[in-house]
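K.L.:
Structure of the sequence below:
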Amino acid sequence: MSEMKIEICSLKNQLEETLQRNRLLQEELDATNIGLLALTMELENKNEEVQSITQQLWQVARMVTMGELAASIAHELNNPLATVSLRVESLANKLPPEDPKQKALQIISQEVERMGALVKKLLDFSRRGQRKVTTVDVCREIEHALELIYYQLRKNRITIRRDYQAELPLIHADSQELLQLFLNLFTNASDAMPQGGTLTIRVYEGHTDIDCVAIEIADTGMGIQPDDLAKVMDPFFTTKPVGKGTGLGLSICRHIVREHQGLITIASEVGKGATVFIKFPMIKENGHASSQGVSPIK
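P.N.:
So this is what the prediction gives:
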């Protein structure tokens, strides 16, 4: 009987040891599983980073290609434009000043100059180099852009409403880049109102986290679908028909604003239009605002 008790105790001890080993093995297995899960999650994150970087590289490559294409097109257009300009000048010199044809030749000459300016912008786009930052009047650059796009706005029966705050501070910026920014935004607004509408431009001194010049550009067009709103400033994304847009305009706008340490956002209501909000940061110097030595708007 005593031998049986001893045997039972021995078996009990063995069972407890086995259970203890099993618990330790289970703990090790659980720890291993947690480690594997962490490694799996890290691997998934790295894969997402690789995909994101690959996409960015692809976009950069496409941008480079677009720049090269723009340069090629610009060079191809320059020669015939120069020829047309010389022919028009020659014809104008051969006709008396009071000849009715002089008016038509003058219009042709103006359009050739306008095309030449567009070609120059193509070349400027393809030769993006060092930015030239100067003291800039934002409203003046807006008016410059409106002059360039005036005929397109008039053709689309678009009314312009201006609301400029008096005595706005100047900012430090690249005037050519600001011109490109406003041209892109006004062109988009015009395209959104093919049946006519109102383009409202507000410029005022804003006070958020830091002082800024705030710009609002609103159209009364078709608006932007909610699903598209988050993507409209992505490179090569466009809601326009094939052949009507490259999907680069708003992407370039975002790049320009960010280069000036500003902020750009878009709000829209389908069927009522869209509004672009832009802020350029400033600091106070001797009671006057400027954007030199600024911190980016968050």
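
K.L.:
What average pLDDT does stretch 225-242 get?
P.N.:
Confidence over stretch 225-242 (mean pLDDT, whole number) is 66.

K.L.:
Strands along the stretch 51-200 of the chain, start to end?
P.N.:
133-136, 158-164, 171-174, 197-207 (DSSP state E, counting those that start in this stretch).

K.L.:
Now stretch 24-38 - C-alpha only, CSV.
P.N.:
Below are the C-alpha coordinates for stretch 24-38, written out as CSV (Å, rounded to 0.1, in the frame of the first residue of the first chain):
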residue,chain,number,x,y,z
LEU,A,24,6.6,27.6,-19.9
LEU,A,25,6.5,26.4,-23.4
GLN,A,26,3.1,28.1,-23.9
GLU,A,27,4.5,31.4,-22.6
GLU,A,28,7.5,31.1,-24.9
LEU,A,29,5.1,30.3,-27.8
ASP,A,30,2.9,33.3,-26.9
ALA,A,31,5.9,35.6,-26.8
THR,A,32,7.1,34.2,-30.1
ASN,A,33,3.7,34.8,-31.7
ILE,A,34,3.7,38.4,-30.4
GLY,A,35,7.1,38.9,-31.8
LEU,A,36,6.0,37.4,-35.1
LEU,A,37,2.9,39.7,-35.1
ALA,A,38,5.0,42.7,-34.4
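
K.L.:
Any idea how far that stretch is from the middle of the chain?
P.N.:
The chain centroid and the centroid of stretch 24-38 are separated by 47 Å under Cα atoms, centre = their mean, to the nearest Å.

K.L.:
Sketch out the low-pLDDT regions of the stretch 151-298 of the chain for me.
P.N.:
209-210, 234-249, 283-298 (pLDDT under 70).

K.L.:
try 50 this time
P.N.:
Residues of the stretch 151-298 of the chain meeting the criterion pLDDT under 50: 242-243, 246, 286-298.

K.L.:
show me where it has helices.
P.N.:
Applying DSSP state H, counting those that start in this stretch to the stretch 151-298 of the chain gives helices spanning 175-191, 226-229, 249-259.

K.L.:
Alpha carbons only: can I get the shortest one in CSV?
P.N.:
Same thing as helix 226-229. What follows is helix 226-229, C-alpha atoms only, in CSV (Å, rounded to 0.1, in the frame of the first residue of the first chain):
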residue,chain,number,x,y,z
PRO,A,226,-16.9,64.7,-51.9
ASP,A,227,-14.9,61.6,-52.9
ASP,A,228,-12.7,63.7,-55.3
LEU,A,229,-12.1,66.6,-52.9
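
K.L.:
Would you mind listing the buried residues in it?
P.N.:
residue 229 (16 or more other Cβ atoms under 10 Å). C-beta: built from backbone N, CA, C; applies to glycine.

K.L.:
now do the longest one
P.N.:
Along helix 175-191, the positions that meet the burial threshold by neighbour count (16+ other Cβ under 10 Å) are 175, 177-191.

K.L.:
Could you check the angle it makes with strand 197-207?
P.N.:
If you take axes from the mean of the first three to the mean of the last three Cα atoms, to 10 degrees, helix 175-191 sits at 140 degrees to strand 197-207.

K.L.:
Show me what helix 175-191 is packed up against.
P.N.:
Judged by 3 or more Cβ pairs under 8 Å, 6 or more residues apart in numbering; DSSP states H and E, helix 175-191 is in contact with helix 101-126, strand 133-136, helix 138-155, strand 197-207, strand 211-218, helix 249-259, strand 273-281.

K.L.:
Restricting to C-alpha, output the third one in CSV.
P.N.:
So that's helix 138-155. Output of helix 138-155 as CSV, limited to C-alpha atoms (Å, rounded to 0.1, in the frame of the first residue of the first chain):
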residue,chain,number,x,y,z
VAL,A,138,-0.5,90.1,-53.9
CYS,A,139,-3.3,92.1,-55.4
ARG,A,140,-1.1,93.3,-58.2
GLU,A,141,-0.2,89.7,-59.2
ILE,A,142,-3.9,88.8,-59.0
GLU,A,143,-4.7,91.6,-61.4
HIS,A,144,-1.9,90.6,-63.7
ALA,A,145,-3.3,87.1,-63.9
LEU,A,146,-6.8,88.4,-64.5
GLU,A,147,-5.5,90.5,-67.4
LEU,A,148,-3.9,87.4,-69.0
ILE,A,149,-7.1,85.3,-68.7
TYR,A,150,-9.6,88.2,-69.3
TYR,A,151,-10.7,87.0,-72.7
GLN,A,152,-11.4,83.5,-71.5
LEU,A,153,-13.5,84.8,-68.6
ARG,A,154,-15.4,87.1,-70.9
LYS,A,155,-16.0,84.3,-73.4
